[in-house]
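Colleague: Below are the sequence and a predicted model for it; my questions follow.
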Amino acid sequence: MIEALLTEQQKKLRDEVRGFVKWVPKQLLLDMDADKVRFPREYLVELARRNLLGLRFSKEFGGRGLQWVDEIVALEEIGVLGISLSCLFSLVSIVGEAIQVFGTEEQKRKYLEPLLRGKSFCAEALTEPRGGSDFFGATTVAKKKGDFYILNGQKRFVVGADGADIFLVYARTGEGSPHKSLSAFIVERDMGVEAKYIYGLLGTRGGGAGRLVFRDVKVPEENLLLGENKGANIFYQMMIPERMTSAAGAVGIARAALEIALRYSDKRKAFDKKICEFEGVSFKIADSITKLDAARCLIYGTAAAVDSLGSTGYTRRLVSESKKFATDASWEVINDAMQVMGGIGYTNVYPIERMLRDARLMMIWTGTNEIMNLIIQHEYFREVLKPDSSLRNVEDDAQESRAEDEKIYE
Ligand SMILES: Cc1cc2nc3c(=O)[nH]c(=O)nc-3n(C[C@H](O)[C@H](O)[C@H](O)COP(=O)(O)OP(=O)(O)OC[C@H]3O[C@@H](n4cnc5c(N)ncnc54)[C@H](O)[C@@H]3O)c2cc1C
């Protein structure tokens, strides 16, 4: 993160998380990448033991009561471990957000606390085989029958399909407009959730990403979050951690790749010179660190905005900008790091090839970067087209601004 913006407490948190990141065994990273480990529970248990999960949530349930500006500091450090481990760290923040903000006292005690204490593991089930971008087109249904909802449908690409104990699932409970007919449920695996297919992935392996099938799954009515047909409210709130975690984690992994490339360029020689003495190399490093610092500033500003304003159209725009900008920058920085390394960067002698495979996913998941653009332009149009008499009318500053007949729009 930007050093000058950090408080002493945040620096302490950063160092604490760095201590944890150093503890994570290299073999775990290798085994996950080799698909030998599908869901590393021991990693989450250790995070919980150190009280590092769900940092923003109430102390009462095992969190630390911190803010977004604190969590992004931790996330950049966790990102160094790669996208799978940072995703597993983030899932507690994402699913936990829904329970912390909208759950009943009983739901928090039963589901949030065990997540934060490393006794239970969660996943989020939003995407369906028919499409992830059109979230509100979901076709999974939940029909009320007595004290239960009967859940039928499928969700795809769920990290933790293999490994998680509870799933946050969105299903249709009404007939009307999609924004008023979805509900969110906490569904335990043991209620009858079937993990049908585990995907082979380019990168970000070891998270047990799979397809879930719900066939007449009986979910007790007390597992409904917030209320029937209130899923949209939960979805919008959850998209803050969903995208902020992607953004901050993206900076962490790219920083790691850039540092490897920088050190390499300071040692590697070509034409009797260190390669960092060639502008073609050192300017790539300059561009990369500039992109990462720009991403950090955007993420920090967004975190501060979310801390003070919560979920609004404006913060939705900033969160989407952060996700898009940071994940695009991360991909470019890691790609350039590989270029700086030459052929050896493409081998598994250095971890850059794994980072590159990991980073590709970030532009696709938690809402593709095209969907981020949809949100950004939508919210920005709304902001600017709202009349605001406190602003100077700069259109009037043109010499011929009164030539109304020349202002033709159709
Ligand atoms: C490894 C992995 C892990 C994942 N983890 C999870 C998880 O844990 N939980 C979960 O619920 N989901 C998860 N996802 C799903 C992920 O969020 C979706 O893949 C993503 O939202 C895109 O949905 P889709 O794959 O169905 O693509 P589609 O929605 O079919 O989109 C295909 C293409 O069309 C573009 N597109 C679609 N609509 C528009 C539009 N209106 N304007 C412009 N372009 C558009 C998209 O940007 C994309 O390029 C994961 C995905 C992967 C690959």
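Modeller: On my side now, so go ahead. The model shown is predicted, which means the values in this text are computed figures rather than measured ones.
Colleague: Let me know the distance separating the closest residue to the ligand within the chain from residue 387.
Modeller: For the chain, the residue positioned closest to the ligand under CB to the nearest ligand atom is residue 132, at a distance of 2.4 Å. In short, each C-beta sits where N, CA and C put it, glycine included. Taking CB to CB, to the nearest Å as the criterion, residue 132 is separated from residue 387 by 36 Å.
Colleague: now do residue 29
Modeller: Going from residue 29 to residue 387 by CB to CB gives 54 Å.
Colleague: So for those two, which residue has more residues nearby?
Modeller: A direct count of neighbours by other CB atoms under 10 Å for residue 29 and residue 387 places residue 29 higher, at 20 against 5.
Colleague: So that one, which state does it fall into?
Modeller: On the three-state scheme (DSSP: H, G, I helix; E, B strand; the rest coil), residue 29 is labelled helix.
Colleague: Does it touch residue 80 like I think?
Modeller: No. Because the distance of 10.6 Å does not satisfy CB atoms under 8 Å, residue 29 is recorded as not touching residue 80.
Colleague: Is residue 186 in a helix, a strand, or coil?
Modeller: Under three-state DSSP, the three-state class of residue 186 is strand.
Colleague: Show the pLDDT at the nearest residue to it once chain neighbours are set aside.
Modeller: By the measure of CB to CB, 6 or more residues apart in numbering, the closest residue to residue 186 outside its immediate chain neighbours is residue 223, 4.7 Å from it. As predicted, residue 223 sits at a pLDDT of 98.
Colleague: and the residue lying closest to residue 5 once chain neighbours are set aside, how many residues sit next to it?
Modeller: Closest residue to residue 5 in three dimensions, ignoring its sequence neighbours and counting by CB to CB, 6+ apart: residue 300, at 5.9 Å. Residue 300 sits with 20 neighbouring residues when counted by other CB under 10 Å.
Colleague: Return the residues in contact with residue 300.
Modeller: Each residue near residue 300 by CB atoms under 8 Å, 6 or more residues apart in numbering is listed here: 1-2, 5, 69, 72.
Colleague: what's the answer for residue 293, then?
Modeller: With contact taken as CB under 8 Å, 6+ apart, residue 293 is in contact with residue 2.
Colleague: and the helix or strand hosting it, which residues are buried?
Modeller: Under the assignment given by DSSP states H and E, the secondary-structure element containing residue 293 is helix 279-309. By neighbour count, and taking 16 or more other CB atoms under 10 Å as the criterion, the buried residues in helix 279-309 are 281-282, 284-285, 288-289, 291-292, 295-296, 298-300, 302-307.
Colleague: Please report the average pLDDT across that helix, rounded to a whole number.
Modeller: Confidence for helix 279-309, expressed as mean pLDDT, is 98.
Colleague: Which residue, other than its chain neighbours, is closest to residue 37?
Modeller: Using CB to CB, 6+ apart and skipping the chain neighbours, the partner closest in space to residue 37 is residue 31 (4.3 Å).
Colleague: how many other residues sit next to the one you found?
Modeller: By other CB under 10 Å, neighbour count at residue 31 equals 16.
Colleague: ok, it touching residue 42?
Modeller: No. Using CB under 8 Å, residue 31 and residue 42 do not qualify as a contacting pair, with a distance of 11.3 Å.
Colleague: Quick check: residues of this structure near the ligand?
Modeller: Counting by CB under 6 Å from any ligand atom, the residues of the chain lying close to the ligand are 123-127, 131-133, 157-159, 201, 204, 209, 361, 364-368, 370-371, 374.
Colleague: Please produce a PyMOL select command covering the buried subset of those residues.
Modeller: To isolate in PyMOL the members of the residues of the chain next to the ligand that are buried, counting by 16+ other CB under 10 Å, one can use:
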select buried, resi 123+124+125+126+127+132+157+158+159+201+204+209+361+365+366+367+368+371
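Colleague: In strands only, show me the residues of the chain next to the ligand.
Modeller: In this view, the residues of the chain next to the ligand that belong to strands under DSSP state E are 123-125, 157-158.
Colleague: Need those residues in TSV (columns: pLDDT and distance to residue 150).
Modeller: Rendered in TSV, the data for these read as follows (pLDDT from 0 to 100; distance: CB to CB, whole Å):
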residue	pLDDT	distance to residue 150
123	98	21
124	98	21
125	98	16
157	98	24
158	98	20
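Colleague: mind putting the residues you listed in a markdown table, distance to residue 89 included?
Modeller: Written out in a markdown table, the entries for these read as follows (distance: CB to CB, whole Å):
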| residue | distance to residue 89 |
| --- | --- |
| 123 | 13 |
| 124 | 14 |
| 125 | 19 |
| 157 | 18 |
| 158 | 17 |
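Colleague: In contact with the residue of the chain closest to the ligand, which residues?
Modeller: For residue 132, the set of contacting residues under the criterion of CB under 8 Å, 6+ apart consists of 126, 156-157, 368.
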